[in-house]
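>>> I would like to see how this sequence folds:
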Amino acid sequence: DVSPDPMVRGGNTFVFPTTSYRPATWSLAATVRFSPRTRLTGTWSRPQRAPEVTELYSFGPHLATRTYDVGNRNLQVESMRRADVGLQHEWDAGHVRVNAFRYEADGYIYLQNRGLFYDLDRRRIIARCVRPERCLPVYQYDQQDAVFNGYEAEWLMRFTRSPLGPMEALLFTDAVRARFTNASGGDVPRMPPRRAGVEFTHYADAGWVTRLRWTHAMAQDNPGINEARSEAYDLVNLAVDRAFSAPGGVELTLYAQARNLLNEEIRASTSFLRSFAPEPGRRIDLGVRATF
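Residues are numbered from 1 along each chain as shown. Below is the predicted model:
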């Protein structure tokens, strides 16, 4: 049941109606072992979820995402038919894992860009925005049937006798394609782009672990209605850490993380803010973690 507390604004109390939903979820999984190190897994599930309170009753500026959100009280239960198939093979020097999936959504709930703007100065919705810094795009929660197809794959290689000491190399890639299945069709908005990359991990004798990860994200040319495409980018991250045992059973970890070493202008296709501001540029984090 969704029965939010009364909302008070300027002395006025708004009591929202009580709405009742009955979502249900079930899943089946199976594993076939071809050998002790090779197995095929399959999962079939039917998850459902009720609309969130914000999806039903939002109505106003959301400055964290620089959007003007409008709820939809007609939303019904979102239901998915999910099929996943994965193949994994392991050996002493690494492993290969591949997973493919298809999700068929009945009543997928999402935020739709309406192509309108909310003027922060005049406090009204307008058709065109002259000053983007003073306008918020209007988004409304909507619901349509959709299909999601995608895959994930990785290949891990271990090098125990390298001249630099023990190392690992991980090749990875993933992608998802999502489209609405109604008569008008169209792309589901804010989907991630196809990605590929490599990560190198070095284990030093003194206990230091160094990870260098490069990810290439391709351009997102299927951004959805009223959404802007996103350009391709390269993201390079470097992380160094070491764990220590302290008195009293405390585990300490010293770490340093350098992110976006190339200082790329990254405008993530999944972000509401991509047209307003890019992701953070080059930055370095230093710290200590304690585990008691």
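
>>> tell me where the model's unsure across the stretch 1-150 of the chain.
Scanning the stretch 1-150 of the chain with the threshold set as pLDDT under 70 gives 1-14.

>>> and the closest residue to Arg39 other than its chain neighbours, how far from Ser230?
Spatially, and ignoring its direct neighbours in sequence, Arg39 is nearest to Arg33 (4.8 Å; CB to CB, 6 or more residues apart in numbering). C-beta coordinates here come from the backbone N, C-alpha and C atoms, glycine included. Relative to Ser230, Arg33 is positioned 41 Å away (CB to CB, to the nearest Å).

>>> more neighbours: the two, which one.
Shown here are Arg33 and Ser230; by other CB atoms under 10 Å, Ser230 has more neighbours (23 against 10).

>>> about what we covered before: tell me the strands beside the strand or helix carrying the residue nearest to Arg39, with direction?
Arg33 belongs to strand 26-35 when assigned by DSSP states H and E. Note on strand 26-35: by DSSP bridges, its sheet partners are strand 38-46 (antiparallel).

>>> how far does the partner strand sit from the chain's center?
When distances are taken as CA atoms, centre = their mean, to the nearest Å, strand 38-46 is centred 22 Å away from the chain's centroid.

>>> what's the answer for stretch 91-102, then?
Put simply, stretch 91-102 sits 21 Å off its chain's centre (CA atoms, centre = their mean).

>>> list the buried residues in it.
By 16 or more other CB atoms under 10 Å, the buried positions in stretch 91-102 come out as Gly94, His95, Val96, Asn99, Phe101.

>>> how about residues contacting it?
Stretch 91-102 is contacted from outside by 37, 82-89, 147-160, 168, using CB atoms under 8 Å, 6 or more residues apart in numbering.

>>> write the PyMOL selection for whichever of those residues are buried.
Applying 16+ other CB under 10 Å to those, the buried members can be selected in PyMOL as follows:
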select buried, resi 82+84+86+87+88+147+148+150+151+152+153+154+156+158+159+168
